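*Asks:* Sharing a model prediction with you, sequence too.
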Amino acid sequence: MKKIIVITGGERSGKSSRAEQIALSLSSNPVYMATARVWDDEFRERVRQHQLRRGPEWTNIEEELELSLYDISGRVVLIDCVTLWCTNFFYRDQKKAEQDNTWVSQCLDDIKIEFDRFTAQDATFIFVTNEIGMGGVSSNTLQRRFTDLQGWVNQYIASKADEVTLMVSGIPLRIK
């Protein structure tokens, strides 16, 4: 039976750990879909730490954009994370991201289409995402554009979700 679960919160709030616990409680062999593009050594280490937490029971898939390419029907799949997935869409064209005021709308449309295509499958989806808009407003135009995109994507996914949990200091707060 199809189900969409969203785990959101700030950096280091316990989102990924919580999502992994839920996935393992629902399946003995969940799918871990990593959307990250490894940008630098520090991020490579973060990825390594996440991988160490998971054992051989996980099926690992790495996909930066087209999540719907994979048939995960009947499975429990953890997508970590929406923020990095949005980043990959946003920075497909650096020049447009920096200069085109319509780029955010185009990215949002593309992400919605791909989200709907992916979640049309009969599976349990656990999306991890960041609440990057809870801080101050950036003085950087590009950062503001991305924050807008991320916020609208989070709203869209949450509107489709059966459950939404906000993580604060490792404590889950059920929102929906």
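*Replies:* Good, I have the coordinates. Residues are numbered from 1 along each chain as shown.
*Asks:* CA only for contacts and neighbour counts going forward, please
*Replies:* Will do.
*Asks:* give me every residue that touches residue 78.
*Replies:* 19-20, 23, 30-33, 125-128 (CA atoms under 8 Å, 6 or more residues apart in numbering).
*Asks:* Return the distance of stretch 149-160 from the chain's centre.
*Replies:* 10 Å (CA atoms, centre = their mean, to the nearest Å).
*Asks:* And residue 132, how far from residue 40?
*Replies:* 21 Å (CA to CA, to the nearest Å).
*Asks:* Pick the one among the contacts of residue 78 closest to residue 108.
*Replies:* Nearest to residue 108, judged by CA to CA, of the contacts of residue 78 is residue 127 at 16.7 Å.
*Asks:* Compare residue 132 and residue 40 (neighbour count), which wins?
*Replies:* residue 132 (17 against 8; other CA atoms under 10 Å).
*Asks:* Do I have it right that that one meets residue 84?
*Replies:* No. At 11.8 Å, residue 132 does not count as touching residue 84 under the criterion of CA atoms under 8 Å.
*Asks:* Can you list the buried residues in the longest helix anywhere in the chain?
*Replies:* Longest helix of the chain, by residue count under DSSP state H: helix 141-160. Buried residues in helix 141-160, counting neighbours by 16 or more other CA atoms under 10 Å, are found at 145-154, 157-158.
*Asks:* Max pairwise distance over those: which two?
*Replies:* 145 and 158 (20.0 Å).
*Asks:* those helices in this structure, which residues are they?
*Replies:* Listed in chain order, the helices found in the chain under DSSP H are 15-26, 41-53, 82-90, 94-99, 103-119, 141-160.
*Asks:* what angle do the last one and helix 82-90 make?
*Replies:* Here helix 141-160 points in a direction 120 degrees away from that of helix 82-90 (axes from the mean of the first three to the mean of the last three CA atoms, to 10 degrees).
*Asks:* residue closest to the middle of the protein?
*Replies:* For the chain, residue 82 is the residue whose C-alpha lies nearest the centre (CA atoms, centre = their mean; 1.9 Å).
*Asks:* Can you list the low-confidence ranges for this protein?
*Replies:* 138 (pLDDT under 70).
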